[in-house]
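# Predicted model and sequence below, questions to follow.
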Amino acid sequence: STSPRTSQLDRSSFAMATTKTDEKEYTTRVQKVFDHRAEAYDTTDRWSEFHKAHADILISNSSIEAEHTVLDLMCGTGMAARRAAKLCKKVYGLDLSPKMIKSARKATREEGVTTAQFEVCDVSSLTADFLEKKGMPTKFDRILCVSALVYLIDPAKAIRQWADFLNPGGKLCISGFGKEFDIRSYCINLAAEVCNFSQKYPNEATGDTQKCATLLEQAGLCVSRVVWEEQLHLPESYTAKELNSTFDKILKHPITMRWAGSLSDPEVAKLRTAFEKISEKKENEGKGKIMNNRRAVFFVGEAIATATSSEEGEKKNGGAAGLGYKVKKGHTVDGFARVSSGSTFESLASYSRAVVVGKQVHVSGTTGYDYSRMSIDPSAVVQVIMLEGQITRLSHCHY
């Protein structure tokens, strides 16, 4: 007989991955999934074209230059790293899967790339010691993460760690997905809500523009760019029958297993019924089609360069002016502490985002810019409202 807590789906202790043991098991499961996919990942894997397109778009948004040193995190077979290697001085790629790293090294040799190094590493807890032991630098001009953020249990924590490995003026360039990305995953999470099962949307951290910006701001980075693009390599639509046929596969995915891993067979049956009702409803609403949400996000955070005679006393201000500027003690001009982005325009126009004098913060009117939408409203009233929010956030900074 079958235990009520086991099933053919091989669920075990992956629900939510809230303990250290759960995290380790989840990480192992993700590793095995990508070890299995490694050989075909660049060629016959059904997601190959999708990932190639993602790598191309992120590289095009990364402003990589010839003298740059680049770190590609969760690099897989090195799709992005190999593209970056043709543009810069040196590229380093890290991934959890030994077989992915093996494929990356093989592809690099075949392409004649001599400026890339790949190593096995769980980047959710990357350390300077690890980099040094592998003969890598501990500071980079660009750090990339292509469509893999969703696999992290705590992406915000990881990004805060990664930001520490950026040179002043360096950029963290990430791609992710909208909350409703891939209707299959979205519907199974809607079904979980109907069933009152505890779960978290896998793309919650990058669900919209503001959430992407917040991830970077909280890591002490300036939000340089947030770009949304539709991914044409995914199916445009499904029928209810087609969508329902994907249920078991979605449920066995490591990300879904985080919360569904401990469901009993009756609970899985309940979830399936809710999933099928949702798909049928969406098919009726779409007049025979369930449209797939294919929006992916590409966003860039910048570690602002600050002129200082000493590296000591560096501290992240938690999002000065809501932009995530890094401020260093001793960065003063005529006794005034400046909060600057280090941009070319600031240099040409001779201004800073803000100037700190004692307990007073004098903020440039240009911070009326809406960084969540990367635009400025023509209305002066709206700009003032934006400015007030920036000033409020600045008032909580420590220098």
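The structure has been received and is ready for your questions.

# residue closest to the middle of this protein?
Centroid-nearest residue in the chain, with CA atoms, centre = their mean: Leu149, separated by 4.1 Å.

# what sits against Phe34?
The neighbours of Phe34, taking CB atoms under 8 Å, 6 or more residues apart in numbering as the test, are 41, 76, 95-97, 99-100. Using the backbone N, CA and C atoms, a C-beta is placed for each residue, glycine as well.

# Could you rerun that using 10 Å?
For Phe34, the contacting residues are 41, 74, 76-77, 95-100, 103, 148, 151, 254, by CB atoms under 10 Å, 6 or more residues apart in numbering.

# Buried members of the residues you listed into PyMOL, please.
Buried subset of the contacts of Phe34, written as a PyMOL selection, criterion 16 or more other CB atoms under 10 Å:
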select buried, resi 41+74+76+77+95+96+97+99+100+103+148+151+254
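
# The contacts of Phe34: which two are farthest apart?
Farthest apart among these by CB to CB are Ser103 and Pro254. That separation is 19.3 Å.

# the longest helix in this protein is where?
In terms of residue count, the longest helix belonging to the chain (DSSP state H) is helix 265-285.

# in its sheet, what does the helix or strand that it is followed by sit against?
The helix or strand immediately downstream of helix 265-285 is strand 290-291, counting by DSSP states H and E. Strand 290-291 sits in its sheet next to strand 237-238 (antiparallel), going by DSSP bridges.

# Please verify my assumption that Leu271 contacts Asp248.
No: assessed by CB atoms under 10 Å, Leu271 is found out of contact with Asp248, at 11.0 Å.

# So these two - more neighbours on which side?
Leu271 (21 against 12; other CB atoms under 10 Å).

# For the more buried one, list the residues it contacts.
188, 191-192, 194-195, 197, 199, 247, 251, 260, 263.

# cool, Ile250 as well?
Applying CB under 10 Å, 6+ apart to Ile250 gives the contacts 182, 184-185, 187-189, 243, 256, 260, 275.

# switch to 6 Å and redo it
Contacts here follow CB atoms under 6 Å, 6 or more residues apart in numbering; on that basis Ile250 touches 184, 188, 256.

# Filter those residues down to the ones in strands?
Nothing among those maps onto strands, per DSSP state E.

# Which of the residues you listed fall in helices?
Residues of those located in helices (DSSP H): 184, 188, 256.

# Contact partners for the first one?
Counting by CB under 6 Å, 6+ apart, Arg184 makes contact with 246, 250.

# Helices of the stretch 101-250 of the chain, start to end?
Assigned by DSSP state H, counting those that start in this stretch, the stretch 101-250 of the chain shows helices spanning 128-133, 155-163, 183-194, 209-217, 240-244, 247-251.

# could the ones you listed be laid out in CSV, adding distance to Tyr369 and mean pLDDT?
CSV is the format used below for the helices of the stretch 101-250 of the chain (distance: least, CB to CB, whole Å; pLDDT from 0 to 100):
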stretch, distance to Tyr369, mean pLDDT
helix 128-133, 34, 97
helix 155-163, 22, 94
helix 183-194, 32, 94
helix 209-217, 12, 90
helix 240-244, 41, 97
helix 247-251, 40, 94
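
# before we move on, back to that, let's see which of the contacts of Phe34 end up in strands.
Among the contacts of Phe34, DSSP E puts Asp95 in strands.

# Out of the contacts of Phe34, which is nearest to Phe118?
Asp95 (7.4 Å).

# In space, what's closest to the closest one - neighbours in sequence excluded?
Nearest non-adjacent residue to Asp95, counting by CB to CB, 6 or more residues apart in numbering: Cys75, 4.9 Å away.

# residue contacts, that neighbour?
Shown in contact with Cys75 (CB under 6 Å, 6+ apart): 81, 93, 95.

# Nearest to Arg29 among those?
Asp95 (15.2 Å).

# how near is that closest one to Met74?
Here Asp95 is placed at a distance of 6 Å from Met74 (CB to CB, to the nearest Å).

# got it, and Glu217?
Distance from Glu217 to Met74, by CB to CB: 22 Å.

# and what of Ile59?
15 Å.

# Touching the top strand by length along the chain from outside, list them.
Using DSSP E to define each element, the chain has its longest strand at strand 166-177. Strand 166-177 is touched from outside by 54, 58, 62, 139, 141-147, 149, 203, 206, 296-303, 305, 342, with contacts defined as CB under 6 Å, 6+ apart.

# Pull out the buried members of the residues you listed.
54, 58, 62, 139, 141-147, 149, 203, 206, 296-303, 342.

# So what's the residue count around the closest residue to Glu276 other than its chain neighbours?
Nearest non-adjacent residue to Glu276, counting by CB to CB, 6+ apart: Asn244, 5.2 Å away. By other CB under 10 Å, the residues close to Asn244 number 19.
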